[in-house]
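A.B. asks: requesting a structural model of the entry that follows:
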Amino acid sequence: MLIKIPGVGDCSESQVTPEKAYLGRRRVLQGMMASAACSVIPRLSWADAERYADVPAAAAPGWFADKLRHTRWQALPEDESLTPYRDATHYNNFYEFGPGKGDPARNAAGMVIEPWAVLVDGEVERPGKYSVEELFAPSQLEERIYRLRCVEAWSMVIPWLGFPLAELIRRLEPTSAAKYVRFETLARPEQMPGMRGDFSLIDWPYVEALRMDEAMHPLTLLAVGMYGRVLPNQNGAPLRLVVPWKYGFKSIKSIVRISFVREQPATTWQRMAPQEYGFYANVNPQVSHPRWSQARERRLPGSLFNPNIRETLLFNGYADQVSHLYAGMDLSRDY
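C.D. replies: I've put the predicted structure just below:
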């Protein structure tokens, strides 16, 4: 079995954000100046630089620190609370570093992320190799607080830092022949022990893809940070995708290649288990995984006595923004 559903007691009660810390985080949002944003994106505002003072500092390249000073920060949605930083960084899937939820945090520190280049190729007017700095140079960092729903039926709420993928696509100028965008993860076995171990049955490198209109949607984010800090290696440093209305495996980590292609690419999980994982992977409570229901989810953190179970929302709660992308499609078949 390639994906294991974690037990409800995997997270301890001690990991829950203290009420005092949570309320203090809310207070620093007072007095922020409003700034305009696309109508489908929650309002963005300037925020106090100490907003995530309780999150461990991390070494970051100079360009990131410079961008951080001019970041547009987002107010926390009234009906959500952030997943504690430790849960978001110590409970995740990144199979290049091992199959366990804690393996990425234990094993990813050895991944070298500087320098980092992304190959852009395919049906595009501006192909080439770009550094992360070059990709982000013209854009302002934005914070986006998104729900993250794993196909394994657990979920989080994470504040990401990045900019809309659509901005980069417009700069790269894909041709009219480009119908899909294909992404590829770093494959470096000497630094990624999961590629050498029992989980090496995956056909590396890890590949994901989006239809062009999905990639151009303003909610689709290229992220370089989270919780006001640079991305940790285990969360996909230095560059990852975030597509909040899809299951988490679509949000590919540690991207080294972006290709604009004519035909729908074969993605990793779709290729390995097509009866279980479709190309679209939209969050849909009405379409069960063959081995478990998707109608409910376990929001982290939780405990044995308080597993924090809630109803799953269609498109992970972003239906008003994205459902038009799938008009006329049979979502039970095109899953």
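A.B. asks: for the stretch 1-150 of the chain, just list every one of the strands.
C.D. replies: For the stretch 1-150 of the chain, applying DSSP state E, counting those that start in this stretch gives strands covering 34-35, 44-45, 73-74, 117-122, 128-131, 142-149.
A.B. asks: quick one: contacts of the longest one?
C.D. replies: Right, strand 142-149. 37, 41-42, 44, 47, 71-74, 76-77, 80, 82, 155-164, 219, 221, 228, 242, 244, 247-248, 251, 283, 297, 312-313, 316-317 (Cβ atoms under 8 Å, 6 or more residues apart in numbering). Quick note: C-beta positions are derived from backbone N, CA and C, even for glycine.
A.B. asks: let me know the pLDDT of the spatially most central residue of the chain.
C.D. replies: Closest to where the C-alpha atoms of the chain average out (Cα atoms, centre = their mean) is residue 242, at 3.3 Å. Residue 242 is assigned 98 on the pLDDT scale.
A.B. asks: any idea how far the residue lying closest to it once chain neighbours are set aside is from residue 181?
C.D. replies: Leaving aside its chain neighbours, residue 242 sits nearest to residue 221 (4.2 Å; criterion: Cβ to Cβ, 6 or more residues apart in numbering). From residue 221 across to residue 181, the span is 14 Å (Cβ to Cβ, to the nearest Å).
A.B. asks: and the two? Which one has more around it.
C.D. replies: residue 181 (27 against 24; other Cβ atoms under 10 Å).
A.B. asks: give the contact list for that one.
C.D. replies: 165, 169, 174, 209-210, 212, 215, 258-261.
A.B. asks: and the residues you listed, which is closest to residue 109?
C.D. replies: Relative to residue 109, the closest of the contacts of residue 181 is residue 258; by Cβ to Cβ it sits at 25.8 Å.
A.B. asks: what bridges to that closest one?
C.D. replies: As for beta bridges, residue 258 partners with residue 120, residue 183 under DSSP bridges.
A.B. asks: ok, it touching residue 126?
C.D. replies: No - counting by Cβ atoms under 8 Å, residue 126 is not a contact partner of residue 258; they are 11.3 Å apart.
A.B. asks: same drill for those two, tell me which one is more crowded.
C.D. replies: More neighbours surround residue 258 than the other of residue 258 and residue 126, with 26 against 10 (other Cβ under 10 Å).
A.B. asks: for that one, give me its contacts.
C.D. replies: Applying Cβ under 8 Å, 6+ apart, the residues contacting residue 258 are 118-121, 172, 181-184.
A.B. asks: likewise for residue 119?
C.D. replies: 128-129, 256-258.
A.B. asks: can you pick the most crowded of those residues?
C.D. replies: residue 258 (26 neighbours).
A.B. asks: now the contacts of residue 181 as JSON lines including secondary structure, distance to residue 55 and pLDDT?
C.D. replies: Formatted as JSON lines, those follow (DSSP: H, G, I helix; E, B strand; the rest coil; distance: Cβ to Cβ, whole Å; pLDDT from 0 to 100):
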{"residue": "165", "secondary structure": "helix", "distance to residue 55": "25", "pLDDT": "98"}
{"residue": "169", "secondary structure": "helix", "distance to residue 55": "31", "pLDDT": "98"}
{"residue": "174", "secondary structure": "strand", "distance to residue 55": "36", "pLDDT": "98"}
{"residue": "209", "secondary structure": "strand", "distance to residue 55": "32", "pLDDT": "98"}
{"residue": "210", "secondary structure": "strand", "distance to residue 55": "30", "pLDDT": "99"}
{"residue": "212", "secondary structure": "helix", "distance to residue 55": "35", "pLDDT": "98"}
{"residue": "215", "secondary structure": "helix", "distance to residue 55": "30", "pLDDT": "99"}
{"residue": "258", "secondary structure": "strand", "distance to residue 55": "29", "pLDDT": "99"}
{"residue": "259", "secondary structure": "strand", "distance to residue 55": "34", "pLDDT": "99"}
{"residue": "260", "secondary structure": "strand", "distance to residue 55": "36", "pLDDT": "99"}
{"residue": "261", "secondary structure": "strand", "distance to residue 55": "38", "pLDDT": "98"}
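A.B. asks: identify, from the residues you listed, the entry nearest to residue 331.
C.D. replies: Among the contacts of residue 181, residue 210 lies closest to residue 331 (Cβ to Cβ), at 16.5 Å.
A.B. asks: the closest one: how many residues sit nearby?
C.D. replies: Neighbours of residue 210 (other Cβ under 10 Å): 24.
A.B. asks: now do the host helix or strand of residue 321, average pLDDT.
C.D. replies: Per DSSP states H and E: residue 321 is located in helix 319-322. Averaging pLDDT along helix 319-322 gives 98.
A.B. asks: next one, pLDDT for the residue nearest to residue 185 when sequence neighbours are not counted please.
C.D. replies: The shortest distance from residue 185 to any non-neighbouring residue, by Cβ to Cβ, 6+ apart, is to residue 206 (4.0 Å). pLDDT, residue 206: 98.
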